[in-house]
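Enquirer: Got a predicted model here, sequence first, then my questions.
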Amino acid sequence: CVCVCVCVRVLCVCMFSGVGLLKNFELQVQKVQGAVELAREREMAKKKKSKSSKATLIAKDTLETQSSSSSVTKCPEVEKLHVHKLYDDIAPQWDRTRYRGWPRVDEFLDNLAANPQNPYPLIADLGCGNGKYMNRDKGMVIGCDISGQLVSICRQKGFEAQHADALAVPYASNRFDAAISIAVLHHLSTKERRIAALQELIRVIRPGGE
């Protein structure tokens with residue numbers, strides 16, 4: 001009788017643990033699907049808007065704001081040559097030598113997954129490079145990078161990555177539990193562009209995120 005009771009208890013504990021893991025996994029899948037779907041909707045809306053030929057009256061201050069914003073987000077030639085082209089050219093060598101993450105960044109990501117309230121966080125990596133921070137035991141990291149070659153390397157490793165500018169990432173607002181952008185800001189040539197990149201980083205994080 002004692003053996004039977006112990007076996008029953010162990011079986012119940014395993015069942016409850018399995019149910020909890022399954023529920024967390026389902027929540028994680030829903031988060032990822034929501035982020036990707038909203039990103040697609042946003043991209044489709046941009047394409048539809050660009051095809052529209054209807055004229056719209058816009059206030060003068062709005063035009064000035066849009067013009068200022070456009071000048072900030074428009075990539076300077078110096079970055080195209082010395083950042084975009086450079087990283088596309090050296091992507092294979094970069095991947096072979098940049099395979100370990102910085103300890104403080106790994107610690108930050110591990111601490112996110114250690115939260116019992118949200119053990120499977122959804123994380124954005126803006127400027128993900130070759131994806132060295134994307135392979136997590138718990139949680140899901142979605143990344144983007146300006147180098148198409150590095151994004152291809154991420155995809156070859158099975159990671160979810162998009163080719164995108166850190167100043168205009170294709171992700172919905174208030175969606176991610178946390179976001180990182182490691183060794184990116186110094187690649188942006190002006191103070192205004194660096195501020196815009198930080199604003200974009202903050203935009204995708206949910207209220208209360210990190």
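Expert: Good, I have the coordinates.
Enquirer: which residues in the protein form strands?
Expert: Under the criterion DSSP state E, strands of the chain are mapped to 122-126, 140-145, 160-163, 178-180.
Enquirer: Tell me which helix or strand in this protein has the weakest average pLDDT.
Expert: helix 60-73 (a mean of 50; mean pLDDT, DSSP states H and E).
Enquirer: give me the low-pLDDT residue ranges for the protein?
Expert: Scanning the chain for pLDDT under 70 picks out 1-70.
Enquirer: Tell me which stretches of it form helices.
Expert: Taking DSSP state H, the helices of the chain run over residues 2-51, 60-73, 77-79, 85-97, 103-113, 148-156, 191-203.
Enquirer: between the strands of the chain, which gets nearest to Pro76?
Expert: Taking C-beta to C-beta as the criterion, strand 140-145 is the member of the strands of the chain that comes nearest to Pro76, at 18.0 Å. (Glycine included, C-beta is placed from N, CA and C.)
Enquirer: Run through the residues that contact the closest residue to Trp94 other than its chain neighbours.
Expert: Spatially, and ignoring its direct neighbours in sequence, Trp94 is nearest to Asn130 (6.2 Å; C-beta to C-beta, 6 or more residues apart in numbering). When contacts are counted by C-beta atoms under 8 Å, 6 or more residues apart in numbering, Asn130 touches 91, 94-95, 98-99, 150, 153-154.
Enquirer: Including distance to Val78, could the residues you listed go into JSON lines?
Expert: What follows is the contacts of Asn130, written out as JSON lines (distance: C-beta to C-beta, whole Å):
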{"residue": "Ala91", "distance to Val78": "20"}
{"residue": "Trp94", "distance to Val78": "20"}
{"residue": "Asp95", "distance to Val78": "25"}
{"residue": "Arg98", "distance to Val78": "23"}
{"residue": "Tyr99", "distance to Val78": "29"}
{"residue": "Leu150", "distance to Val78": "20"}
{"residue": "Ile153", "distance to Val78": "25"}
{"residue": "Cys154", "distance to Val78": "25"}
